[in-house]
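[1] give me the fold of what follows.
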Amino acid sequence: MQLERIHDPDDPRLADYRDLTDVALRRVLEPEGGLYMAESAKVLARALRAGHEPRSVLTAEKWLDDVDECLGERDTPVYVVPDAVAERVTGYTVHRGMLAAMHRPDLPAVADVLRDARTVLVLDGLVDHTNVGAAFRGAAGLGADAVLVTPRCADPLYRRSVRVSMGTVFQVPWTRLPEWRAASGPSAAELLRESGFHIAAMALADDAVGLDRFAAERPERVAFVMGSEGPGLDRRALAAADTTVMIPMAGGVDSLNVASASAVALWALAHPPA
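    Next comes the predicted model:
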């Protein structure tokens, strides 16, 4: 690694780390700049194991041994800064040891992600990065073969999503779908059906099938579509679904948080009733 000690928060070498708490700004800058942020040694290690490469690392003096262990023989610039400088640059107290500016990999084609998949989670328009990260963690832990996100879904590689997922966004294959009704080219539904997937939409509806029943009779290949936190599934996603599914609830509760609901659905698909 290349150690570079920096004491000026306005140093241009720190540009990738500036204003990390400004979600609207980072939502534009990170994809267009071809980068994403990995926070903590555990997340960085998982990113490196997935074949992702760092542009640089920002850390404090006391974490250098951990950074060195993560980077190994890589000749990566490592910016060592005082805590006050890190906080002024990023906009928050950096207490997880390190931040790494990573090269953002190109997204694969939908057909490539689906080729060997049997169970796929589709996140439709989720705007909360925490929910996106939690859904990825559930997908990794409960056996989803891939995750697909629609155009208006929050970035899975945004810093908070990556952190909440504990780096599992690097181990579950994922890519973006087109719109459910595409102006040009195949739509999301067409791509899923071309790959042989039954589209199951999680929603409260009069004709919804209970999750236990759906799991007991599950099709060979299933794409489970989860809607956004407030309004739920887009009407076009509902119209594209082959089956609408609901989780039977108790206690006067009508639904679960989207990340919790996706975890329940994935568990049920992996453990159908005898």
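
[2] what residues of the helix or strand bottoming out on mean pLDDT in the chain count as buried?
    The weakest-scoring helix or strand in the chain, judged by mean pLDDT, DSSP states H and E, is helix 23-33 (a mean of 76). Neighbour-count burial for helix 23-33, counted by 16 or more other C-beta atoms under 10 Å, picks out 26, 30. All C-beta atoms are positioned from the backbone trio N, CA, C, and that covers glycine.

[3] elements contacting the helix or strand just after it?
    Sequence-wise, the next helix or strand downstream of helix 23-33 (DSSP states H and E) is strand 35-39. In terms of contacts (3 or more C-beta pairs under 8 Å, 6 or more residues apart in numbering; DSSP states H and E), strand 35-39 is packed against strand 98-103, helix 159-164.

[4] burial check on residue 211, number of neighbours?
    Neighbourhood size, residue 211 [other C-beta atoms under 10 Å]: 21.

[5] and it, what's its pLDDT?
    Looking at residue 211, its pLDDT is 95.

[6] residue contacts, it?
    245-248, 264-265, 268 (C-beta atoms under 8 Å, 6 or more residues apart in numbering).

[7] for the stretch 1-150 of the chain, which segments are assigned as helices?
    23-33, 41-49, 64-71, 83-90, 110-114, 129-141 (DSSP state H, counting those that start in this stretch).

[8] burial check on residue 119, number of neighbours?
    By other C-beta under 10 Å, neighbour count at residue 119 equals 21.

[9] would you check that it makes contact with residue 144?
    Yes - Residue 119 is in contact with residue 144 according to C-beta atoms under 8 Å; the separation is 5.4 Å.

[10] quick check: the gap between residue 27 and residue 129.
    Look at residue 27 and residue 129: by C-beta to C-beta, to the nearest Å, they are 10 Å apart.

[11] ugh, typo on my part, it should be residue 157
    Distance, residue 157 to residue 129, using C-beta to C-beta: 10 Å.

[12] try residue 81
    Residue 81 is 25 Å from residue 129, where distance means C-beta to C-beta.

[13] do the same with residue 195
    Residue 195 is 28 Å from residue 129, where distance means C-beta to C-beta.

[14] quick one, which of the two is more surrounded?
    Set residue 195 next to residue 129 and count neighbours by other C-beta under 10 Å: residue 129 wins out with 22 against 16.

[15] go ahead and confirm the more buried one touches residue 161.
    Yes - at 4.4 Å, residue 129 and residue 161 qualify as touching, with contact defined as C-beta under 8 Å.

[16] what's the angle between the least confident helix or strand of the chain and strand 35-39?
    Angle between the axes of helix 23-33 and strand 35-39 is 120 degrees (criterion: axes from the mean of the first three to the mean of the last three C-alpha atoms, to 10 degrees).

[17] between helix 23-33 and strand 98-103, how many degrees?
    If you take the same axes, to 10 degrees, helix 23-33 sits at 50 degrees to strand 98-103.

[18] residues contacting helix 23-33, please?
    Residues from elsewhere that reach helix 23-33, judged by C-beta under 8 Å, 6+ apart: 16, 19-20, 36-37, 104, 129, 155, 157-159.

[19] same deal with stretch 95-104?
    Taking contacts as C-beta under 8 Å, 6+ apart, the residues outside stretch 95-104 that touch it are 16-17, 20, 30-31, 34-41, 44, 47, 52-60, 63, 66-67, 70, 86, 90, 157, 163.

[20] what's the answer for stretch 242-258, then?
    Residues outside stretch 242-258 that contact it (C-beta under 8 Å, 6+ apart): 123, 126, 131, 135, 198-205, 207-212, 214, 224, 226-229, 238, 261, 264-265.

[21] start to end distance for stretch 215-225?
    Start-to-end span of stretch 215-225 (C-alpha to C-alpha, to the nearest Å) is 15 Å.

[22] what distance separates that stretch from the middle of the whole chain?
    Offset of stretch 215-225 from its chain centre (C-alpha atoms, centre = their mean, to the nearest Å): 22 Å.

[23] so who does residue 40 touch?
    Contacts here follow C-beta under 8 Å, 6+ apart; on that basis residue 40 touches 96-98, 163.

[24] how about a cut-off of 7 Å?
    If a contact means C-beta atoms under 7 Å, 6 or more residues apart in numbering, then residue 40 has 96-98 as its contacts.
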